[in-house]
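Novice: structure here, sequence nowhere to be found:
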């Protein structure tokens, strides 16, 4: 809700004299930056016990999270298309603004995807166990070296390493559900990194020559 409020404010008070595609990029950028700020404050301040409470409350949001991630990817792709279609027609400060907003939108969307996956991994890990299983308080599914109660930053490490390298590092996946989620994450990351980011760099390089 806070992100939406800031986005609406960004729509109303956006810089004067910019085109509608750039206005859309500006609103999206405001939304992602506010969300990322709130998310990373949560990552840096939350105790594992608090993550467990959030997991119990937000487990039903799986579909919405994936739809949001998909929307993020589509918007990033549209950003590249906007660069390709309209960037070469712009000149001077307007062109610089367009390039800057497009680059920041793609970068923030990339960061947002892996931040959302961080939340998803953490909440799946700390989902309460159905029924009584002696010695097991939560579902688990990831084995962190010498860490039975990982915090959000541990899941940040897992999510971003997977997002950047398309593989896990020293964290072992022990759950079928998390293994499938990691596979989807890797596929999305590969598409995102290869297609969207690579094409963005190529297009921008051509525009600034």
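Specialist: In hand now; what should we look at? From a predicted model like this one, the values you see are computed outputs, not experimental measurements. Numbering: from 1, shown residues only.

Novice: so where do the strands sit in the chain?
Specialist: 142-143, 172-173 (DSSP state E).

Novice: so where's this protein uncertain?
Specialist: By pLDDT under 70, the weakly predicted segments of the chain are 1-20, 58-63, 66, 77, 80-94, 130-137, 199-200, 202-209.

Novice: other SSEs contacting the longest helix belonging to it?
Specialist: Identified as the longest helix of the chain according to DSSP state H is helix 92-125. On a contact count with 3 or more C-beta pairs under 8 Å, 6 or more residues apart in numbering; DSSP states H and E, helix 92-125 meets helix 20-45, helix 48-58, helix 62-86, helix 152-165, helix 176-191, helix 198-207. C-betas here are computed from N, CA, C, even on glycine.

Novice: do you know how far residue 159 is from residue 43?
Specialist: Between residue 159 and residue 43 the distance is 11 Å, computed by C-beta to C-beta, to the nearest Å.

Novice: hmm, back to that, out of the helices and strands packed on helix 92-125, which gets nearest to residue 118?
Specialist: Of all those, helix 152-165 sits nearest to residue 118, with 4.2 Å by C-beta to C-beta.

Novice: and that closest one with helix 176-191, angle?
Specialist: 50 degrees (axes from the mean of the first three to the mean of the last three C-alpha atoms, to 10 degrees).

Novice: heads up, I number from 24, so please use that
Specialist: OK, 24 is where the count begins now, so the last one is helix 175-188.

Novice: re the thing from before, from the strands of the chain, which stretch is densest packed?
Specialist: strand 165-166 (a mean of 18; mean count of other C-beta atoms under 10 Å).

Novice: and residue 205, how far is that from residue 55?
Specialist: From residue 205 across to residue 55, the span is 23 Å (C-beta to C-beta).

Novice: likewise residue 199?
Specialist: On the measure of C-beta to C-beta, residue 199 and residue 55 end up 32 Å apart.

Novice: equivalent analysis for residue 180, please.
Specialist: Distance of residue 180 to residue 55, given as C-beta to C-beta: 21 Å.

Novice: the more surrounded of these two?
Specialist: With neighbours defined as other C-beta atoms under 10 Å, residue 180 and residue 55 compare such that residue 55 has more, 23 against 16.

Novice: so who does the residue lying closest to that one once chain neighbours are set aside touch?
Specialist: Excluding its sequence neighbours, the residue lying closest to residue 55 (C-beta to C-beta, 6 or more residues apart in numbering) is residue 131, at 4.0 Å. Listed by C-beta atoms under 8 Å, 6 or more residues apart in numbering, the contact partners of residue 131 are 52, 55-56, 59.

Novice: now stretch 62-79: how far from the chain's centre is it?
Specialist: In terms of C-alpha atoms, centre = their mean, to the nearest Å, the centre of stretch 62-79 is set 17 Å apart from its chain centre.

Novice: which residues are contacting it?
Specialist: 138, 141-142, 145-151, 160-161, 172-176, 179.

Novice: now do 7 Å
Specialist: Applying C-beta atoms under 7 Å, 6 or more residues apart in numbering, the contact partners of stretch 62-79 are 138, 145-146, 149-151, 161, 172-176, 179.
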